[in-house]
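Enquirer: Any chance you could fold what I've pasted below:
(2 chains)
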Amino acid sequence: DVKVTQSSRYLVKRTGEKVFLECVQDMDHENMFWYRQDPGLGLRLIYFSYDVKMKEKGDIPEGYSVSREKKERFSLILESASTNQTSMYLCASTGDSTEAFFGQGTRLTVV
Amino acid sequence: QKEVEQNSGPLSVPEGAIASLNCTYSDRVSQSFFWYRQYSGKSPELIMSIYSNGDKEDGRFTAQLNKASQYVSLLIRDSQPSDSATYLCAGGSGGYNKLIFGAGTRLAVHP
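Expert: Next up is the predicted model:
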């Protein structure tokens, strides 16, 4: 059974903290993505990676960075968390097709 | 124009009826389209993909694609209360099998 696993289901962080969200996939997929989902706005792409150490900005990269040191792992980093980054974060991966497989999501609250 | 647009709903249908969900897309979105279902608090799961003009049927679900009109739809026959969820339309964009999502349509099936 294919799997995308996010490290945390729920997180509560303080304003200004550095936050790491981790995502691991076991499908040997080349492409990995980080989205955030907010009510009424759908899924918005933050960053994606198409190979180890390779990354591209999505539509809303400000305030975020990413790291992909191994093919199976893609990390999203909030350099200095702010309250407007409170959201649901979803990791996804794709291989040869555009069919995306999603992790279970991380609900981040910044207080 | 947003790249992928959906009516946010809610769309309310009685049990046993046909639910019709619609999506339009811009020129930036390419030729592969997907419908994801998302239950509250859960991550999206793929229910249909469509790549060519016409209809594609899978059980109670039918996806329709009209490239000339830049229009994708999902029909759910014999709607059940368990179909109550948010339905996300997504299209491929650019390289690396990147997906762009609409904001989602909330479907409520009432007994």
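Enquirer: Chain A: strands as residue ranges?
Expert: A:4-6, A:10-13, A:19-25, A:31-38, A:42-51, A:54-57, A:64-70, A:73-78, A:87-94, A:101-102, A:106-110 (DSSP state E).
Enquirer: and what of chain B?
Expert: Going by DSSP E, chain B shows strands at B:4-6, B:11-14, B:19-25, B:33-38, B:45-50, B:54-58, B:61-66, B:71-76, B:85-92, B:99-101, B:105-110.
Enquirer: Format those as CSV; extra columns: distance to residue A:83.
Expert: All C-beta atoms are positioned from the backbone trio N, CA, C, and that covers glycine. Below are these laid out as CSV (distance: least, CB to CB, whole Å):
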stretch, distance to residue A:83
strand B:4-6, 28
strand B:11-14, 32
strand B:19-25, 32
strand B:33-38, 25
strand B:45-50, 30
strand B:54-58, 42
strand B:61-66, 39
strand B:71-76, 36
strand B:85-92, 25
strand B:99-101, 24
strand B:105-110, 26
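Enquirer: mind giving me TSV with those strands and columns for mean pLDDT and distance to residue A:48?
Expert: Formatted as TSV, those follow (pLDDT from 0 to 100; distance: least, CB to CB, whole Å):
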stretch	mean pLDDT	distance to residue A:48
strand B:4-6	92	17
strand B:11-14	96	31
strand B:19-25	96	19
strand B:33-38	95	16
strand B:45-50	93	18
strand B:54-58	95	27
strand B:61-66	96	25
strand B:71-76	96	22
strand B:85-92	94	13
strand B:99-101	89	10
strand B:105-110	96	25
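Enquirer: Minimum distance to residue A:91: which of those has it?
Expert: Across these, residue A:91 has its closest neighbour in strand B:99-101 (13.0 Å, CB to CB).
Enquirer: Which strands and helices lie in contact with that closest one?
Expert: On a contact count with 3 or more CB pairs under 8 Å, 6 or more residues apart in numbering or on different chains; DSSP states H and E, strand B:99-101 meets strand A:42-51, strand B:85-92.
Enquirer: Return the set of buried residues in the first one.
Expert: Just to be clear, that refers to strand A:42-51. For strand A:42-51, the neighbour count (16 or more other CB atoms under 10 Å in any protein chain shown) marks A:42-50 as buried.
Enquirer: Outside of that strand itself, list whatever touches it.
Expert: If you take CB atoms under 8 Å, 6 or more residues apart in numbering or on different chains as the criterion, strand A:42-51 is touched by A:30-38, A:55-61, A:64-66, A:68, A:71, A:74, A:76, A:90, B:6, B:44, B:88, B:95-96, B:98, B:100-104.
Enquirer: The same query, at a cut-off of 6 Å, please.
Expert: A:30-37, A:55-56, A:58-61, A:64, A:66, A:68, A:74, B:96, B:101-104 (CB atoms under 6 Å, 6 or more residues apart in numbering or on different chains).
Enquirer: Output that strand as CSV, nothing but the C-alphas.
Expert: The C-alpha trace of strand A:42-51 is given here as CSV (Å, rounded to 0.1, in the frame of the first residue of the first chain):
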residue,chain,number,x,y,z
GLY,A,42,-8.4,25.5,-1.6
LEU,A,43,-5.0,24.0,-1.8
ARG,A,44,-2.2,26.5,-2.6
LEU,A,45,1.2,25.3,-3.7
ILE,A,46,4.1,26.6,-1.5
TYR,A,47,7.1,24.7,-2.9
PHE,A,48,7.8,21.6,-4.8
SER,A,49,10.9,19.5,-5.6
TYR,A,50,11.5,17.4,-8.7
ASP,A,51,14.8,15.7,-7.5
